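Chemist: following is a predicted model, sequence given first.
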Amino acid sequence: NAGVTQTPKFRILKIGQSMTLQCAQDMNHNYMYWYRQDPGMGLKLIYYSVGAGITDKGEVPNGYNVSRSTTEDFPLRLELAAPSQTSVYFCASSYSIITFGTGELFFGEGSRLTVL
Amino acid sequence: GDSVTQMEGPVTLSEEAFLTINCTYTATGYPSLFWYVQYPGEGLQLLLKATKADDKGSNKGFEATYRKETTSFHLEKGSVQVSDSAVYFCALSGAGGGSNYKLTFGKGTLLTVNP
């Protein structure tokens, strides 16, 4: 009963380093998302994917890259980490288009990233 | 573009008090509306939803009614418990095109319930 699994849960990076946040879901969902959550700012969409091989930018994509080679996995790559990328990152997935009522986002537990 | 404005927190209540968290939205067309809850140390989870005007979503004693005339989706609960302490997010999904795949979130409201 794993749902959406994110790793690592915590990470400290130095400025300029790169890393990948891993996200995997076992619900066979087509849609996957990466959000970042900054204190008092709610969640902002970084990237999303509507299926394997298809990705698109959200509101705040700069400094990030994604890939979707399988239905299950949706890793988020940070290149040249900057202090502005200090945040909590959430991966989410959904079975269907959200608008149609049956859509519901399932979230992972989050990855807390600090860039010093 | 789409936006959600929700009540600034934090909100602190005593157990069994009545809760209202206000949420208003701006969107074109007819969005779907959601409340998500985030318990400490966890990811967000769906609390309730409404997909058309005048719909009432309800779950775990919480309710919210989709009011198109006032563009609002206020969250209410008649008697809160300590276990309701969490951050509550109002969200909407757009009504067309690429917006169908995405949620726009409010900033979140921290609720603390004291025994």
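Modeler: Arrived safely.
Chemist: okay, CA-based contacts and neighbour counts for the rest of this
Modeler: Will do.
Chemist: the residue of chain A found nearest chain B: what's it in contact with?
Modeler: Taking CA to the nearest CA, chain B has its nearest neighbour within chain A at A:G42, 3.7 Å off. Applying CA atoms under 8 Å, 6 or more residues apart in numbering or on different chains, we find A:G42 in contact with B:89, B:105-108.
Chemist: with A:L13 instead?
Modeler: By CA under 8 Å, 6+ apart, the neighbours of A:L13 are A:81, A:113-116.
Chemist: what separation do you get for the residue of chain A closest to chain B and B:D54?
Modeler: 26 Å (CA to CA, to the nearest Å).
Chemist: is chain A contacted by stretch B:106-114?
Modeler: Yes. Using CA under 8 Å from any CA of the partner chain, stretch B:106-114 reaches chain A at B:106-108.
Chemist: tell me the most packed of those, by neighbour count.
Modeler: B:G108 (29 neighbours; other CA atoms under 10 Å in any protein chain shown).
Chemist: so that residue is in contact with B:A86, correct?
Modeler: No. B:G108 is beyond contact range of B:A86, at 9.8 Å (criterion: CA atoms under 8 Å).
Chemist: show me the contacts of A:G42 that map onto strands.
Modeler: B:89, B:105 (DSSP state E).
Chemist: tell me the contacts of the most centrally placed residue in chain A?
Modeler: For chain A, the residue nearest the mean C-alpha position is A:W34 (2.5 Å; CA atoms, centre = their mean). Applying CA under 8 Å, 6+ apart, we find A:W34 in contact with A:45-48, A:76, A:89-92.
Chemist: could you tell me which of those belong to strands?
Modeler: Short answer: the contacts of A:W34 in strands (DSSP E) are A:45-48, A:76, A:89-92.
Chemist: so which of the residues you listed is the most crowded?
Modeler: Most surrounded of these: other CA under 10 Å gives A:C91, at 32 neighbours.
Chemist: quick one: least confident helix or strand in chain B?
Modeler: Of all the helices and strands that make up chain B, strand B:103-105 has the lowest average by mean pLDDT, DSSP states H and E, namely a mean of 87.
Chemist: how about the residues of chain B near chain A?
Modeler: Close to chain A, as judged by CA under 8 Å from any CA, chain B has residues B:31-32, B:41-46, B:49-51, B:89, B:93-95, B:100-108.
Chemist: and if we set it to 6 Å?
Modeler: Within chain B, the positions near chain A by CA under 6 Å from any CA of the partner chain are B:32, B:42-44, B:51, B:93, B:100-101, B:105-108.
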